[in-house]
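J.: what's the 3D shape of this:
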Amino acid sequence: MATEQLTVENSIQTNVFDPKQQNLTGVNGNNGYIMIRKYLINSAVNFLQNSRLKLSTKEEKRTFLFEKGLTSDEIDFAFELAIRRPLNDETIQKELDNIISKQDISLISYSIRMSGQFLLWAGFIYGFYAIYREKIRPYLFETLKNDRPEEKISKKIDELNKQIADLSTNLSIVHEFITTYCRLRDDSSQKIKSELSSIKALLVNRNQFPSIPTIPKWQQQSIINDKNEMANNSE
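T.: Next up, the predicted model:
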């Protein structure tokens, strides 16, 4: 049994991935993927119609095909084709196109459905949180505060103590400012008084005034002689 499955496995791999036999040259992108899926299903049909595997159970065949990369829908379709053959190639190709298209549509639909469910749950959770934040939480916390008046009184006392401390600090600052101002004012007054005393001393000191002008003795004697001569001449 193991030898027969290994032989069929090699035939499947050869049928699917050999470009000469399956004419896959130049196939790429999404078209290449679809072609590969078609050849896998076609190879699975050949595998199921192999007369050497009649003694194998259906579960063993499904497990083997699943290990080769086929999906559950593709395996079911391969079993259906294996029973319905011989059919013409055109009919088989149409049915293969239909199942591949259904798989693509189902994947897209599943993605859209999951995205919609995610957005729905996200909106529901956010709405509940917004209601809790705006309505429920303030009500609950306000009720708890009202149920404990001693906490409110303690809070008021703390606020009052803080205000008293701030007032004491401000008074200390004002007192220091007044003290500094008075000291500076006294210094200025003393400086002004000192300057006034200096000015007064300068004004009152007699040494600062010029002496009374006097006539020298030699000029006094000449003046007396002149007066005597004038008196004699008049006589």
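J.: how does this structure divide up, domain by domain?
T.: 2-122, 148-205 (automatic domain parsing).
J.: Any idea how many residues pack against residue 36?
T.: 16 (other Cβ atoms under 10 Å). The way it works is simple: take the backbone N, C-alpha and C, and place the C-beta from them, glycine included.
J.: quick one: what helix or strand has it in it?
T.: helix 29-48 (DSSP states H and E).
J.: Pull out the CA atoms of that helix and give them to me as CSV.
T.: C-alpha atoms of helix 29-48 as CSV (Å, rounded to 0.1, in the frame of the first residue of the first chain):
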residue,chain,number,x,y,z
GLY,A,29,0.5,35.6,-10.8
ASN,A,30,-3.1,34.8,-10.1
ASN,A,31,-3.6,32.9,-13.3
GLY,A,32,-0.6,30.6,-12.5
TYR,A,33,-2.1,29.9,-9.1
ILE,A,34,-5.5,29.0,-10.6
MET,A,35,-3.9,26.7,-13.2
ILE,A,36,-1.9,24.9,-10.5
ARG,A,37,-5.1,24.3,-8.4
LYS,A,38,-6.8,22.9,-11.5
TYR,A,39,-3.9,20.5,-12.2
LEU,A,40,-3.9,19.4,-8.5
ILE,A,41,-7.6,18.6,-8.7
ASN,A,42,-7.2,16.8,-12.0
SER,A,43,-4.2,14.8,-10.6
ALA,A,44,-6.3,14.0,-7.5
VAL,A,45,-9.0,12.6,-9.7
ASN,A,46,-6.5,10.4,-11.5
PHE,A,47,-5.2,9.3,-8.1
LEU,A,48,-8.7,8.3,-6.9
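J.: Show me what it packs onto, helices and strands only.
T.: helix 2-17, helix 58-67, helix 72-84, helix 89-131 (3 or more Cβ pairs under 8 Å, 6 or more residues apart in numbering; DSSP states H and E).
J.: Quick one: low-confidence residue ranges for the protein.
T.: 1-33, 51, 54, 84-110, 142-149, 204-211, 220, 233-235 (pLDDT under 70).
J.: Which secondary structure state is assigned to residue 224?
T.: State at residue 224, reduced to three classes by DSSP: H, G, I helix; E, B strand; the rest coil: helix.
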